[in-house]
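*Asks:* Quick one, fold the following:
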Amino acid sequence: MTSTFTLLAQELWDEIVDHLQGRTDDLKSLSLTHRRFLPRAQSHTFRSITVWNARKAGAGGIARRLLDVMTSSPHLIRHVQILNVFAGDPKSLQSLARIPWSHVDQLTLMPMAAEALGYAGILVGMPSLRSLVFRPYTWDTTFLFNIFAQCAPGVKVFTFVDYTPTSKPTPSTALTTTCVKPTHLFMLASSRVFDLLVDPRSPLDLSAVVDFRCTDFSNPRLGILLSRISPSLTHLHVVGNDRTLDNLELELLPRLDHIDAFGIGPPLVHLLKRLPAESRITTLTFAHFEQTVDDELESVLLAIPTLQHVNMRVDGKGLEWNAVQRHYESELPRLHESGLLSVQFLSSEGAGLFLPELRI
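*Replies:* I've put the predicted structure just below:
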């Protein structure tokens with residue numbers, strides 16, 4: 001008798017499994033029902049792995065278990081694309097460094113013991129790695145410089161979340177320069193990272209940065225950083241109500257053509273008013289959560305001669321699409337009539353909208 005599973009192509013069964021992405025328990029259950037579901041379910045289950053310290057497991061226990069699993073089932077290694085290391089002890093890092101990762105392109109690190117530097121260096125040197133995230137809170141500056149110096153050349157995205165330095169490098173901590181040239185710099189509540197990046201001893205070459213995201217422009221070294229990334233920067237992400245936007249001098253960014261804003265507020269409107277006459281801005285994208293739009297916004301946008309697209313990304317949860325479309329067309333009638341306005345529903349949850357898509 002022909003099995004039902006043989007009547008459909010494997011691609012169709014894979015598509016069924018894809019609908020359960022992110023539902024780990026359901027994926028585990030489904031993988032046990034038939035072997036046709038297993039490979040696809042494993043690819044989703046092991047796509048993102050987080051390793052942390054668990055008291056019951058002992059120091060390095062979770063990472064050691066992961067090493068055992070990958071050693072006994074090496075075919076699972078290829079499924080792992082995101083590795084979050086929330087354990088900073090040397091034993092955990094040692095176990096993780098022993099796994100021959102082949103497809104990890106995003107790595108997240110927490111502050112760790114100095115003894116773990118060598119193992120961390122192995123992880124950031126993975127040939128497949130493209131994105132590196134530093135989570136809060138306090139990082140030793142010299143330690144970070146050593147991490148940077150050991151990064152694989154393919155690492156293009158650097159993200160700093162709530163970065164706080166604990167020391168400043170001294171002249172005796174000279175480091176070997178590296179060819180790592182980030183294209184994306186993301187600073188989330190981390191204005192003090194400016195000091196780190198503009199330090200002449202930093203192994204990072206910032207001359208290729210095209211995408212810069214920041215939630216705080218209060219650092220006095222802002223101008224120095226912008227002058228280093230200005231020759232290449234084309235894409236800027238800001239928070240609409242960030243009062244420190246007044247410190248941002250767009251004259252320093254002659255190639256800028258895209259601005260993305262999380263929310264719309266007076267500081268953002270004022271920033272757009274200050275666009276230099278030679279501005280090359282073609283696209284403005286707003287993640288918007290209010291029912292009304294700033295009264296000045298439409299006039300300010302229409303005064304930008306190079307503007308080609310205004311994208312309103314709306315949290316449409318519980319809303320009817322046609323009503324939302326009509327609402328923004330009535331709020332911004334001249335932009336609508338000129339063909340500049342586009343309204344889209346957001347696919348992400350509001351709280352995470354400013355967080356970048358780290359994998360490129």
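*Asks:* Which parts of the stretch 151-300 of the chain are strands?
*Replies:* 157-161, 164-165, 184-188, 211-214, 235-239, 258-262, 283-288 (DSSP state E, counting those that start in this stretch).
*Asks:* Tell me if I'm right that Leu271 and Leu250 touch.
*Replies:* Yes. Judged on C-beta atoms under 8 Å, Leu271 makes contact with Leu250 at a distance of 7.3 Å. All C-beta atoms are positioned from the backbone trio N, CA, C, and that covers glycine.
*Asks:* So between those two, which is more surrounded?
*Replies:* Ranked by neighbour count (other C-beta atoms under 10 Å), Leu271 and Leu250 place Leu271 first, with 22 against 17.
*Asks:* sorry, back to before: now the strands of the stretch 151-300 of the chain in TSV, please, with extra columns for distance to Ser299, mean pLDDT and mean neighbour count.
*Replies:* Below are the strands of the stretch 151-300 of the chain laid out as TSV (distance: least, C-beta to C-beta, whole Å; pLDDT from 0 to 100; neighbours: other C-beta atoms under 10 Å):
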stretch	distance to Ser299	mean pLDDT	mean neighbour count
strand 157-161	35	93	23
strand 164-165	41	77	14
strand 184-188	31	91	23
strand 211-214	27	93	23
strand 235-239	20	94	21
strand 258-262	17	95	22
strand 283-288	14	92	20
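*Asks:* possible to save the ones you listed as CSV with distance to Thr24?
*Replies:* Shown next, in CSV, are the strands of the stretch 151-300 of the chain (distance: least, C-beta to C-beta, whole Å):
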stretch, distance to Thr24
strand 157-161, 24
strand 164-165, 33
strand 184-188, 26
strand 211-214, 29
strand 235-239, 31
strand 258-262, 29
strand 283-288, 29
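*Asks:* what's the closest of the ones you listed to Asp199?
*Replies:* strand 164-165 (10.2 Å; C-beta to C-beta).
*Asks:* contacts for that closest one?
*Replies:* With C-beta atoms under 8 Å, 6 or more residues apart in numbering as the test, strand 164-165 has contacts from 136-141, 192, 195-196.
*Asks:* Help me confirm that Arg78 comes into contact with Val104.
*Replies:* No. Contact criterion C-beta under 8 Å: Arg78 and Val104 do not qualify, at 10.1 Å.
*Asks:* Neighbour count for the two, which is higher?
*Replies:* It is Val104, of Arg78 and Val104, that has more neighbours when counted by other C-beta under 10 Å, with 20 against 13.
*Asks:* So for the more buried one, what's the nearest residue that isn't a sequence neighbour?
*Replies:* Leu83 (4.9 Å; C-beta to C-beta, 6 or more residues apart in numbering).
*Asks:* Could you give the average pLDDT over the helix or strand that contains that neighbour?
*Replies:* In the assignment (DSSP states H and E), Leu83 maps to strand 82-86. Regarding strand 82-86, the rounded mean pLDDT is 94.
*Asks:* next structured bit after it?
*Replies:* According to DSSP H and E, the helix or strand after strand 82-86 is helix 90-97.
*Asks:* And the contacts of that following helix?
*Replies:* Residues from elsewhere that reach helix 90-97 (C-beta under 8 Å, 6+ apart): 51, 53, 59-60, 62-64, 66-67, 83, 85, 87, 112-113, 115-116, 119-120, 122-123.
*Asks:* mind listing what's buried in stretch 75-87?
*Replies:* Within stretch 75-87, the residues that count as buried by 16 or more other C-beta atoms under 10 Å are 76-77, 79-85, 87.
*Asks:* can you tell me the distance between the two ends of stretch 107-127?
*Replies:* Chord length of stretch 107-127, first to last residue, is 12 Å (C-alpha to C-alpha, to the nearest Å).
*Asks:* Check which residues of it are buried.
*Replies:* 107-112, 116-117, 119-124, 126.
*Asks:* quick check: mean pLDDT across it?
*Replies:* The model assigns stretch 107-127 a mean pLDDT of 94.
*Asks:* which residue ranges form the helices in the stretch 251-360 of the chain?
*Replies:* Along the stretch 251-360 of the chain, counting by DSSP state H, counting those that start in this stretch, helices occupy 266-273, 297-302, 321-331, 333-337.
*Asks:* Out of the ones you listed, which gets the lowest mean score?
*Replies:* The stretch with the lowest average pLDDT out of these is helix 321-331, scoring a mean of 88.
*Asks:* Identify each buried residue in it, please.
*Replies:* If you call a residue buried by 16+ other C-beta under 10 Å, then helix 321-331 has these buried ones: 324-325, 327-328, 331.
*Asks:* One more: stretch 134-151?
*Replies:* Under the neighbour-count criterion of 16+ other C-beta under 10 Å, stretch 134-151 has 134-135, 139-151 buried.
*Asks:* Below-threshold pLDDT in the protein: ranges please.
*Replies:* 1-23, 25-39, 54-59, 167-179, 291, 316, 347-360 (pLDDT under 70).
*Asks:* care to break this protein down by domain?
*Replies:* 10-45, 234-349 (automatic domain parsing).
*Asks:* re earlier: so which of the contacts of strand 164-165 comes closest to Val157?
*Replies:* Of the contacts of strand 164-165, the one sitting nearest to Val157 (C-beta to C-beta) turns out to be Leu196, at 16.2 Å.
*Asks:* so the closest one touches Thr142, yeah?
*Replies:* No. Counting by C-beta under 8 Å, Leu196 sits too far from Thr142 to count as a contact (10.5 Å).
*Asks:* With adjacent residues omitted, what lies nearest to Pro100?
*Replies:* Spatially, and ignoring its direct neighbours in sequence, Pro100 is nearest to Ile77 (6.5 Å; C-beta to C-beta, 6+ apart).
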